[in-house]
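Trainee: Got a predicted structure here, sequence first:
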Amino acid sequence: MVAILIVAGALVAGGGCGSGDGDVATVTVFAAASLADAFADVEQAFEAAHPGVSIALNFAGSSSLREQILQGAPADVFASANEANMAQLVAAGVADAPQVFATNRLEIAVPVGNPAGVGGLADFADEDLVLGLCAPEVPCGELSRQVLTAAGLTPAPDTEEPDVRALLTKVEAGELDAAIVYVTDVLAAGGDVEGIEIASAADVVTRYPIATVGGAGADDVSALFVAFVLGGEGQAILRARGFAGP
Amino acid sequence: MTDGSRRTRPPRVLLPFAAVGLAFLVAPLLALAQRAPWSNLGTLVTAPVVTDALRLSVVSAVAATGLSLLFGVPLAWVLARTAFPGRSLVRALVTLPMVLPPVVGGAALLFAFGRRGVVGGPLYDRTDFVLPFSIWGVIAANTFVAMPFLVLTVESGLRSGDDRFEDAAATLGASRWTIFRRITLPNAAPAIVAGAVLCWARALGEFGATVTFAGNLQGRTQTMPLAVFLALESDREAAIALSLVLIAVSLAVLVPLRDRWLR
């Protein structure tokens, strides 16, 4: 038993050493789950441009990340899917001067071939269809309800998913006739779902702010990463993944 | 089973380890209680979202335990008492839902029993019945995740039991069904109760497979863990209050059971 503990301890310690040796600086980036694909690309491009810096990415729902950072998680940069979560970190004196680096809007996702013949937003009031939305507690759910309310619709969802990727999975599996997700999610699903544009959603966008955490200086590597995301190369990567400019 | 007279003082070397183990398990719960919004706990825990979720959690966990007993005890018997080629493979397969991340388990359930699933597809075409997005889906997800706990516990109980009584009954001409009913089941009762308790507790806390397979809608599929998770997104105090309700309900069931059955 003690031997097992010693071996396990050695493995943990050994694993930890790898990132600390040499003169490689690590920037730990906490980013919203919807940024997973885009930020993986950004990481590659950034590390290619800055050989001395290594990026460690941690993806989760923006609210979970906010909670982790408030509890002292070692984040250098926070990229949130909405401004409310970032505002709480600023109010707590944890995040420094956030800047909006991308926007995203909603789209209807239907299974390939649109078997239920969903035509548009109005179908989300149809009791007979199997419909999904994000839960009102998470940003995409809040945004969906704004769009539906603006269109004068009372939605009849069969499920309110805690995150947008879970919602998308159910559309891909054909379990839902339609769901409201982000444009970037439809793009990320490749050919596994079809998107139907929501004309009125163009006015309702979610803004993604980014900030360094814990008072990084302007010449700090964390600030370097933020500048990279806001700069030409970072913005081009985000565009390719379906995000719009700030 | 150990009765009171056989209890002894433990070897002294074990005590510090036991204490560390206990402290590690209890400290997070105490920290949770310390953060709890005790002053407005009453209003938080009587909200419809909580009572709906609690009812769904209890009903679906009890139903999942019932189904696990119905199918799991026979499965445990087969694994413990018969020899057939590939038995260790079957045992590994039974254990797999414990290893699988629940979210993956939920996706696998969708592919099998969803509207387009291998089993669910033909069922839907013939009867219009779908498991996802209903309480049946919640029960199915709970059973998938929790039944292995019952099967493994009962199997190990059957293995460690004395099967000479069964042999004696057989020599005296009792049928196999009578032996199972009158001897095997009563002898395995402590293991069956322990397995059922584990199974129920696991089902009560089930999150990943439930949300992936059955979805989340208040009053229909939203169980306590789902309500807690969503409350955490918007209101940490409400989330802690909900967790305390879940803990209280579990203790109310587990403490008397342990006293009565699991000494």
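Mentor: Now that the structure is in, tell me what you want to look at.
Trainee: Just the buried residues of stretch A:231-246, please?
Mentor: For stretch A:231-246, the neighbour count (16 or more other CB atoms under 10 Å in any protein chain shown) marks A:Gly234, A:Gln235, A:Ile237, A:Leu238, A:Arg241, A:Gly242, A:Phe243 as buried. All C-beta spots, glycine's among them, are computed from the backbone N, C-alpha and C.
Trainee: contact partners of stretch A:181-194?
Mentor: Outside stretch A:181-194, the residues that touch it by CB atoms under 8 Å, 6 or more residues apart in numbering or on different chains are A:34, A:37-38, A:104-114, A:134, A:140, A:164-165, A:167-168, A:171-172, A:195, A:206, A:241-243.
Trainee: Please work out how many residues are found near whatever residue of the stretch 1-150 of chain B ends up closest to chain A.
Mentor: Closest residue of the stretch 1-150 of chain B to chain A, CB to the nearest CB: B:Arg116 (4.0 Å). B:Arg116 has 14 neighbours, counted by other CB atoms under 10 Å in any protein chain shown.
Trainee: Sitting in strands, which of the contacts of stretch A:181-194 do you find?
Mentor: A:Asn104, A:Arg105, A:Leu106, A:Glu107, A:Ile108, A:Ala109, A:Val110, A:Pro111, A:Cys134, A:Gly195, A:Thr206 (DSSP state E).
Trainee: need the residues of chain A near chain B, please.
Mentor: Residues of chain A that fall close to chain B, judged by CB under 8 Å from any CB of the partner chain: A:61, A:63-64, A:67, A:130, A:132, A:135, A:137-138, A:157-162, A:166, A:169-170, A:173-175.
Trainee: Could you pick out the buried ones from these?
Mentor: A:61, A:63-64, A:67, A:130, A:132, A:135, A:137-138, A:157-162, A:166, A:169-170, A:173-175.
Trainee: Name the helix or strand for B:Ser60, please.
Mentor: B:Ser60 is part of helix B:48-81, with elements assigned from DSSP states H and E.
Trainee: Wondering if that helix reaches chain A at all.
Mentor: No - judged by CB under 8 Å from any CB, helix B:48-81 stays clear of chain A, getting no closer than 10.9 Å.
Trainee: Quick one: mean pLDDT over the helix or strand just after that helix.
Mentor: Counting by DSSP H and E, the next helix or strand C-terminal to helix B:48-81 is helix B:87-99. Across helix B:87-99, pLDDT averages out at 93.
Trainee: Quick one: list the elements packing against helix B:87-99.
Mentor: Applying 3 or more CB pairs under 8 Å, 6 or more residues apart in numbering or on different chains; DSSP states H and E, one finds that helix B:87-99 contacts helix B:48-81, helix B:135-160.
Trainee: any chance of the ones you listed in CSV, with mean pLDDT and mean neighbour count too?
Mentor: CSV is the format used below for those (pLDDT from 0 to 100; neighbours: other CB atoms under 10 Å in any protein chain shown):
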stretch, mean pLDDT, mean neighbour count
helix B:48-81, 95, 19
helix B:135-160, 95, 24
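Trainee: tell me the contacts of the closest residue to chain B within chain A?
Mentor: Nearest residue of chain A to chain B (CB to the nearest CB) works out as A:Thr159 at 2.9 Å. A:Thr159 sits next to A:Gly132, A:Leu133, A:Leu167, A:Lys170, A:Leu176, B:Phe133, B:Gly215, B:Asn216, B:Leu217, B:Thr221 when contact means CB under 8 Å, 6+ apart.
Trainee: tell me, what residue is most central in chain B?
Mentor: B:Cys199 (2.1 Å; CA atoms, centre = their mean).
Trainee: quick one: the helix or strand harbouring that one to helix B:48-81, angle?
Mentor: B:Cys199 belongs to helix B:185-204 when elements are defined using DSSP H and E. Angle, helix B:185-204 to helix B:48-81, by axes from the mean of the first three to the mean of the last three CA atoms, to 10 degrees: 140 degrees.
Trainee: for chain A, what spans make up the strands?
Mentor: Ranges of strands in chain A, per DSSP E, are A:25-32, A:53-60, A:77-79, A:95-111, A:131-134, A:159-161, A:178-182, A:193-197, A:205-213.
Trainee: who's in contact with the closest residue to A:Ala151 other than its chain neighbours?
Mentor: Among residues not flanking A:Ala151 along the chain, A:Leu121 sits closest, at 5.4 Å (CB to CB, 6 or more residues apart in numbering or on different chains). Applying CB under 8 Å, 6+ apart to A:Leu121 gives the contacts A:Ile108, A:Val147, A:Leu148, A:Ala151, A:Leu153, A:Ile198, A:Ser200.
Trainee: for the residue of the stretch 1-150 of chain B closest to chain A, helix, strand, or coil?
Mentor: Following DSSP: H, G, I helix; E, B strand; the rest coil, B:Arg116 is assigned to coil.
Trainee: Return the per-residue confidence for the closest residue to it other than its chain neighbours.
Mentor: Counting by CB to CB, 6+ apart, B:Arg116 lies nearest to A:Gly174, which is 4.0 Å off, once chain neighbours are set aside. The score at A:Gly174 is 92. That number is its pLDDT.
Trainee: mind checking how far A:Gly174 is from B:Ala241?
Mentor: Taking CB to CB, to the nearest Å as the measure, A:Gly174 falls 38 Å from B:Ala241.
Trainee: again with B:Gly42
Mentor: Distance of B:Gly42 to B:Ala241, computed by CB to CB: 9 Å.
Trainee: Please say which of the two ends up with more neighbours.
Mentor: Between B:Gly42 and B:Ala241, B:Ala241 has the larger neighbour count (other CB under 10 Å), namely 23 against 9.
Trainee: and the strand or helix carrying the more buried one, is it in reach of chain A?
Mentor: Taking DSSP H and E as the criterion, the element that holds B:Ala241 is helix B:236-261. Yes - using CB under 8 Å from any CB, helix B:236-261 comes into contact with chain A via B:Arg236.
Trainee: Ok, stretch B:15-27 next?
Mentor: No - judged by CB under 8 Å from any CB, stretch B:15-27 stays clear of chain A, getting no closer than 8.8 Å.
Trainee: What's the mean pLDDT across that stretch?
Mentor: Averaged across stretch B:15-27, pLDDT comes to 95.
Trainee: How far away from the center of its chain is that stretch?
Mentor: Between the centre of stretch B:15-27 and the centre of its host chain there is 24 Å, according to CA atoms, centre = their mean, to the nearest Å.
Trainee: Show me the buried ones among the residues of chain A next to chain B that map onto helices.
Mentor: Under the assignment DSSP state H, those contribute A:Ser63, A:Ser64, A:Glu67, A:Ala166, A:Thr169, A:Lys170 to helices.
Trainee: got the contact list for the fourth one?
Mentor: This means A:Ala166. Neighbours of A:Ala166 in contact, by CB under 8 Å, 6+ apart: B:Val211, B:Thr212.
Trainee: same check, this time on the third one
Mentor: Counting by CB under 8 Å, 6+ apart, A:Glu67 makes contact with B:Leu232, B:Arg236.
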